[in-house]
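[1] coordinates only, sequence not included:
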């Protein structure tokens, strides 16, 4: 019996995967799906190998390879486009750098570079429109484009660094210039301050006449005295800082429970302390340093005596005067105020001893800077006191009580910032400079204010 032979296997037909792939390709492309200048999705090499393993036709494999080539060409073109744009930016940055500071030769070179890069960009545009973007080989074009872009980016960074370095140098020069101006201003201010605080003739005081002394004269001399008081307060704070004092603790010991809007406002607390001590006894003819009123037999004689004192001391140098007149009324006033205002612990922390105190207590006066500043302040306050008792009407001093409502008639604020608070109601935290009454005229006191907190609503 004849053996049964198997029927010959049918010729291999296209697999279902191959047919599906071909339908997708044809659906996603136009009637002319592939050309040398057309575009297609990149088909990875592993997919090509997969296609080959699925027995694709040779034509289909070639089409996939053509798609891969077109994608590589497009990637190379885009990379070249971005590299050219980066070159344009770098050239333009260089053009800007050449303008500041102005360099005509560098500007021409940079301008030509910008033009050349723009031309290259225009050529790429026309190549794209004409579909002549084939770069052979694409991977070399891509690599060169990446190198060009990195070089342009590095060039842009270098130009930016140069600009920043130039700005740093310019700002450094400005800082040096401003520092020089600041030092000159400080030097000039110190010079003016020394002139204002120096003993000697003060031309404005020469205009004060005994026959027509008036409140304007008093206000002028008060400002004259306050400049010296504030100078002493600054000197005092500097000495405290040099001696490592706790400024906050010292401030609280003078004005406890006060909230300052700014840290430099703490100086007002020290100013209030100095004013309180130096003006203490102002209403008494002898400033409470001497109980004997036999110096004056009547108001007219008293007025004449104090105006003579005013004329004598308005242009005097304090140190020589004190040496010649240690037992004068002014000398006694200065001695009493120093011993009362400058605490022994304070003096010891400043100088490491109590020698100055011992000298003052024995009727002598030290020739050190601290005492010179103090004695000049005392001289000006004494001048104000002498002028007050030269009036033919009563002059008295007054302090504003803490927590009093602010009154524009009797007070003025030492800062303007407080008025920025909403509500508009303020109370007195403490008096900085006392006020004065000259007959019916009021010289406002200077106060440190705090806003009135409205009661909480339940």
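    Received the coordinates, thanks. Source: prediction; values computed, not measured. Numbering: from 1, shown residues only.
[2] any idea how far residue 338 is from residue 160?
    Remark: distance between residue 338 and residue 160 (Cβ to Cβ, to the nearest Å) = 64 Å. Every C-beta, even on glycine, is put in place using the N, C-alpha and C of the backbone.
[3] cool, residue 310 as well?
    For residue 310, the distance to residue 160 equals 70 Å [Cβ to Cβ].
[4] so which of these two has more stuff around it?
    More neighbours sit around residue 310 than around the other of residue 310 and residue 160, counting by other Cβ atoms under 10 Å; the figures are 23 against 12.
[5] ok, the more buried one touching residue 387?
    Yes: with contact taken as Cβ atoms under 8 Å, residue 310 and residue 387 are classed as touching, separated by 5.5 Å.
[6] common neighbours of those two, please.
    Where contact means Cβ atoms under 8 Å, 6 or more residues apart in numbering, the residues bridging residue 310 and residue 387 through contact with each are residue 208.
[7] need the helix or strand of the protein with the lowest average pLDDT.
    helix 16-28 (a mean of 45; mean pLDDT, DSSP states H and E).
[8] please name the nearest non-neighbouring residue to residue 290.
    If you skip the residues right next to it in sequence, residue 290 has residue 332 as its closest partner in space, 6.2 Å away by Cβ to Cβ, 6 or more residues apart in numbering.
[9] isn't that neighbour right up against residue 288?
    No: with contact defined as Cβ under 8 Å, residue 332 does not count as touching residue 288 (10.5 Å).
[10] find the residues that touch each one of those two.
    Looking at what touches both residue 332 and residue 288 (by Cβ under 8 Å, 6+ apart), there is no common residue.
[11] so how many other residues sit close to the residue nearest to residue 118 when sequence neighbours are not counted?
    Once its chain neighbours are removed from consideration, residue 118 has its nearest residue in residue 88; the separation is 6.3 Å (Cβ to Cβ, 6+ apart). Using other Cβ under 10 Å, residue 88 has 17 other residues around it.
[12] check residue 88 and give its pLDDT.
    You'll see residue 88 listed with a pLDDT of 81.
[13] could you look up the SS state of it?
    The three-state label for residue 88, taken from DSSP: H, G, I helix; E, B strand; the rest coil, comes out as helix.
[14] contacts only, for it.
    If you count contacts by Cβ under 8 Å, 6+ apart, residue 88 has them with 114, 117-118, 121.
[15] ok, which pair from those residues is furthest apart?
    Using Cβ to Cβ, the pair of the contacts of residue 88 lying farthest apart is 114 and 121, separated by 10.5 Å.
[16] between those two, which is the more surrounded one?
    Set residue 114 next to residue 121 and count neighbours by other Cβ under 10 Å: residue 114 wins out with 18 against 14.
[17] so the more buried one touches residue 93, yeah?
    No: with contact defined as Cβ under 8 Å, residue 114 does not count as touching residue 93 (9.8 Å).
[18] tell me which element residue 437 is part of?
    strand 435-438 (DSSP states H and E).
[19] strand partners of that strand, parallel vs antiparallel please.
    Within its sheet, and counting by DSSP bridges, strand 435-438 is paired with strand 395-398 (antiparallel), strand 441-443 (antiparallel).
[20] ok, then the element right after the longest one?
    Put plainly, it is strand 395-398. Following strand 395-398 in sequence order, the next helix or strand is strand 411-413 (DSSP H and E).
[21] following the chain onward from that following strand, which element is next?
    Using DSSP H and E, the helix or strand that follows strand 411-413 towards the C-terminus is strand 426-433.
[22] ok now that following strand, how far from the chain's centre?
    Strand 426-433 has its average C-alpha position 29 Å from the chain's average C-alpha position, going by Cα atoms, centre = their mean, to the nearest Å.
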